[in-house]
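1. Sequence isn't available, so here's the structure alone:
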């Protein structure tokens, strides 16, 4: 049984679901990952990119505030 303290459900459109199917089959050479793992990987990549953008904006603001 799923541990409800560790996982949540998510509803996706059929279009998004199909895209995840395509993505998950090409993520790992010679195999595929689960849909949940594919979503986790994609979210983590997007989150890292967002964090980098925020850090760059903070640095930019610090640089411009010194002038």
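-> Looks like it arrived, so ask away. For clarity, every value in this text was computed on a predicted model and none was experimentally measured. Residues are numbered from 1 along each chain as shown.
2. How much space separates the most centrally placed residue in the chain from residue 8?
-> Taking CA atoms, centre = their mean, the centroid of the chain lies closest to residue 43, which sits 1.0 Å from it. Going from residue 43 to residue 8 by CB to CB, to the nearest Å gives 12 Å. In this view, the C-beta of every residue, glycine as well, is placed from N, C-alpha and C.
3. before we move on, what about residue 62?
-> Residue 62 sits 37 Å away from residue 8, taking CB to CB as the criterion.
4. These two: who's more crowded?
-> For residue 62 versus residue 8, the count of surrounding residues by other CB atoms under 10 Å is larger for residue 62: 9 against 6.
5. Could you look up the SS state of the more buried one?
-> With DSSP: H, G, I helix; E, B strand; the rest coil as the basis, residue 62 sits in helix.
6. try residue 2
-> Three-state call for residue 2 (three-state DSSP): coil.
7. How many residues are close by it?
-> Count around residue 2 with other CB under 10 Å applied: 8.
8. Same check on residue 33?
-> The tally of other residues near residue 33 (other CB under 10 Å) stands at 16.
9. same deal with residue 24?
-> Residues near residue 24, counting by other CB under 10 Å, number 20.
10. repeat for residue 38
-> By other CB under 10 Å, 21 other residues sit near residue 38.
11. quick check: mean pLDDT across the host helix or strand of it?
-> Taking DSSP states H and E as the definition, residue 38 sits inside helix 35-65. Averaged over helix 35-65, pLDDT sits at 92.
12. which parts of that helix are buried?
-> 38-39 (16 or more other CB atoms under 10 Å).
13. same deal with stretch 20-28?
-> If you call a residue buried by 16+ other CB under 10 Å, then stretch 20-28 has these buried ones: 20, 23-24.
14. quick one, what contacts residue 47?
-> For residue 47, the contact set (CB atoms under 8 Å, 6 or more residues apart in numbering) is empty.
15. Tell me how far it lies from residue 38.
-> In this view, residue 47 and residue 38 are 15 Å apart by CB to CB.
16. Residue 12 - that's part of a helix, no?
-> No. Under three-state DSSP, residue 12 falls outside any helix and is assigned coil.
17. Right, I'll leave it there.
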